[in-house]
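Participant: let me see the structure of the following:
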Amino acid sequence: MNTFEKTVKFITKLFPLWVVIFAGIAFFSPEPFKPFGKFIPYLLGLIMLGMGLTMSLDDFKLVFTRPKDVLYGVLLRCFIMPGVAFCVAKLLDLPPALAAGLILVGACPSGTASNVMTFIAKGDTALSVTISSINTILAPILTPYIFLFLAGSLIPIDAKALLLDILIIVLFPVTLGILIRGFASDFVDRVSKVIPLVSVLSIIAIISIVVALSAAKLAVVAGIAFAAVALHNALGLSLGYGASRALGINHKKSKAISFEIGMENSGLAVALAVAHLDPIAAIPGAIFSVWHNFTGSLLAGYWGSRDEDEPEVSTDVKA
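Facilitator: Presented below is the predicted three-dimensional model:
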C-alpha cells in the first residue's frame, strides 16, 4: 500500500471524527461556511457521480434472477423508514420543519454505505448493491411523492420541484457515472482509489455547511433532533431485519435488507432540505449522516464477528 492509499484509508476510516471536528468549527464560526450553501447540490452530485462510477449493469441482474428478494427489499424500504419517521416525529412532537426533515430522510433511498456494512456483516452483498441501485433509480418518483404524502400537512411542498432536483443531482450523475464506467473502464480503474476520498470530503463539507447555516437554531433543537434520528435509525435497522425474517427471508439476506432500510442517502435529504425547506430541516439529515455510519459499523462488526459464513443457498428464487 503506497502513501496515497494509506492517506485515503486514514481519512475515510476516521470519517466520524472529521465530521465532528469540522461541524464543531462550523457551529462556532459559521460565517466562513455560509456562502458555500449554494454548492451543496453540486457536492451531492459529485458523490452520486462517484456512486455511478462504482456501479455497472451487473448490479441490476438480481432483478431477473432473484426478483422476490429484490422486491421485498425495495418495498420494505419504501414503507418502513418513511412510516417510522412520521411516527417518531409525532411521538416526539417535533417542530414542523424538523419533522419534515426527518420524514425527508426516511423518504430518500439507501446509500452506498449500506453495501459496505453488509459486506462487513457477512450479509448478501449482491442483494444489498441491487436494492441500493434500484432505490436510487426509483428515487425521482418515490421520494417526492412519499414525502408529499407524509409531510404535506406540515409544510408547503412542491413535489415537482423536488422531482426535478432529484433528477438533476441523483439520476443524471449516477447514469453518467455508469456510462463512463461502461465506455472508459480503464480510466475509471485508474481513478477508483480517489472516489472514496472525494465522497468523504464532500459529505464532510455538506454537513459543515448545513451546521453553519442553521447554527443559530441548532443549539435549541440539537437534543431533540439527535433523539429523533437515533430512534429513527434504530427502528429502521431492527424493523428491517425483523420484517425480513417474518417474511421467511434467511439471516444472510435479512442482514442486507436491514442495512438497506436503516442507512439512508441522508446527503440527498440535506441537499433537498436546504434547497426547498427551512435550513433547520437539514439538521436530521446532517446528524443521520454521522450516526448511521456509527451504528451501522457497530452492528456490522457484531454480525461479522458472531456469524460463521453461512452455506450458500440457491440464488435462483422464483418470484
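
Participant: so where's the protein shaky on pLDDT?
Facilitator: Applying pLDDT under 70 to the chain flags residues 1, 308-319.

Participant: what's the spacing between L102 and F183?
Facilitator: 40 Å (CB to CB, to the nearest Å). (C-beta placed from N, C-alpha, C; glycine too.)

Participant: more neighbours: which of those two?
Facilitator: Per other CB atoms under 10 Å, whichever of L102 and F183 has more neighbours is L102, with 31 against 9.

Participant: and the more buried one, how far from A222?
Facilitator: Taking CB to CB, one finds L102 at 14 Å from A222.

Participant: list the contacts of A230.
Facilitator: Residues near A230 by CB atoms under 8 Å, 6 or more residues apart in numbering: W291, T295.

Participant: so where does it fall, helix or strand?
Facilitator: helix 215-246 (DSSP states H and E).

Participant: tell me the buried residues in that helix?
Facilitator: By 16 or more other CB atoms under 10 Å, the buried positions in helix 215-246 come out as 215, 217-218, 221, 225, 228-233, 235-241, 243-244.

Participant: same question, stretch 186-203
Facilitator: Neighbour count says stretch 186-203 has V188, I195, P196, L197, V198, S199, V200, L201, S202, I203 buried, by 16+ other CB under 10 Å.

Participant: now, the residues you listed that are in helices?
Facilitator: V188, I195, P196, L197, V198, S199, V200, L201, S202, I203 (DSSP state H).

Participant: quick check, nearest of these to F39?
Facilitator: S202 (9.8 Å; CB to CB).

Participant: okay, now the closest residue to the closest one other than its chain neighbours: neighbour count?
Facilitator: Excluding the flanking residues, the one nearest S202 by CB to CB, 6 or more residues apart in numbering is L43, at 4.4 Å. Burial of L43 is recorded as 23 neighbouring residues (other CB under 10 Å).

Participant: then A26?
Facilitator: 24.

Participant: does anything pack onto the strand or helix carrying it? Which helices or strands?
Facilitator: Per DSSP H and E, A26 falls inside helix 15-28. If contacts are counted by 3 or more CB pairs under 8 Å, 6 or more residues apart in numbering; DSSP states H and E, helix 15-28 sits against helix 195-213, helix 215-246, helix 283-306.

Participant: and L94, helix, strand or coil?
Facilitator: What DSSP: H, G, I helix; E, B strand; the rest coil gives for L94 is coil.

Participant: does it touch V229 like I think?
Facilitator: No: the criterion here is CB atoms under 8 Å, and L94 misses it with V229 at 10.8 Å.

Participant: now do the shared contacts for these two.
Facilitator: Taking CB under 8 Å, 6+ apart as the contact rule, L94 and V229 both touch L102.

Participant: can you pull the buried residues of the helix or strand where C87 lies?
Facilitator: C87 belongs to helix 67-91 when assigned by DSSP H and E. For helix 67-91, the neighbour count (16+ other CB under 10 Å) marks 69-70, 72-74, 76-78, 80-86, 88-89 as buried.
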